[in-house]
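Q: coordinates only, sequence not included:
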């Protein structure tokens, strides 16, 4: 007798792998595919609830192909999907994904205020929303991507004596752990 086999595939824009969790940066679909759909009386199930991972939710008729899928459309912390296939003859196959998470984007920093300290420091304070997955890096730049100093949400330069007519352009670049 042929035993069923279970395959779970994850599709979406892959981000970084952080502490055993695979991050995705777009809508992400998990699909349970039945590899031996010719078996009679087959039932399949797909869940993120480990207490329900042995409970099929869909019956597949013999000779037909079968699959179940779930699409994640918003930010979600670490989740594992479980698949199960059972046949009318009592055969069973299990499968599961590695832990996955979704961060669909990050909000860029915005200017919150300016620093002009006795003409020796100039800089910009930024509102910097924390990415869903957390910060991987925060970097400050001024005038054509020259590295600037930073302290919290402040990007600045110590310029000795700043002439009032000098224009400075600052930017803050953030990268999330997910890779956004």
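A: The structure has been received and is ready for your questions. Remember, it's a predicted structure, so these values are computed and weren't measured experimentally.

Q: mind listing what's buried in stretch 41-52?
A: 42, 43, 44, 45, 46, 47, 48 (16 or more other Cβ atoms under 10 Å). C-beta coordinates here come from the backbone N, C-alpha and C atoms, glycine included.

Q: give the other helices and strands that the host helix or strand of the second one contacts.
A: Assigned by DSSP states H and E, residue 43 belongs to strand 42-47. Counting contacts by 3 or more Cβ pairs under 8 Å, 6 or more residues apart in numbering; DSSP states H and E, strand 42-47 is packed against strand 28-34, strand 58-60, strand 67-72, strand 82-86.

Q: for the longest one, name the packing helices and strands.
A: The criterion is 3+ Cβ pairs under 8 Å, 6+ apart, and the helices and strands that strand 28-34 contacts are strand 6-11, strand 42-47, strand 67-72, strand 82-86, strand 100-102.

Q: related to what we said a few turns ago, with distance to residue 171, mean neighbour count and mean pLDDT added, can I get the helices and strands packed on strand 42-47 in CSV?
A: Listed next are the helices and strands packed on strand 42-47 as CSV, based on distance: least, Cβ to Cβ, whole Å; neighbours: other Cβ atoms under 10 Å; pLDDT from 0 to 100:
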stretch, distance to residue 171, mean neighbour count, mean pLDDT
strand 28-34, 30, 21, 89
strand 58-60, 50, 16, 68
strand 67-72, 31, 16, 89
strand 82-86, 44, 24, 87
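
Q: any chance of those strands in CSV, with distance to residue 95 too?
A: Shown next, in CSV, are the helices and strands packed on strand 42-47 (distance: least, Cβ to Cβ, whole Å):
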stretch, distance to residue 95
strand 28-34, 7
strand 58-60, 15
strand 67-72, 12
strand 82-86, 5
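
Q: what's across from the residue nearest the centre of the chain in the sheet?
A: Nearest to the geometric centre of the chain sits residue 102, at 3.0 Å (Cα atoms, centre = their mean). For residue 102, the beta-bridge partners under DSSP bridges are residue 24, residue 76.

Q: which residues touch it?
A: Shown in contact with residue 102 (Cβ atoms under 8 Å, 6 or more residues apart in numbering): 12, 23, 24, 25, 26, 27, 28, 72, 74, 75, 76.

Q: hmm, try it at 10 Å
A: Residue 102 sits next to 12-13, 15, 22-28, 72-77, 79, 132-133, 178 when contact means Cβ atoms under 10 Å, 6 or more residues apart in numbering.

Q: any of the residues you listed buried? List them.
A: So, by 16+ other Cβ under 10 Å, the buried ones in those are 12, 15, 22-26, 28, 72, 76, 132-133, 178.

Q: end to end, how far does stretch 32-47 reach?
A: Counting by Cα to Cα, to the nearest Å, you get 10 Å between the two ends of stretch 32-47.

Q: right, I'll call it a day here.
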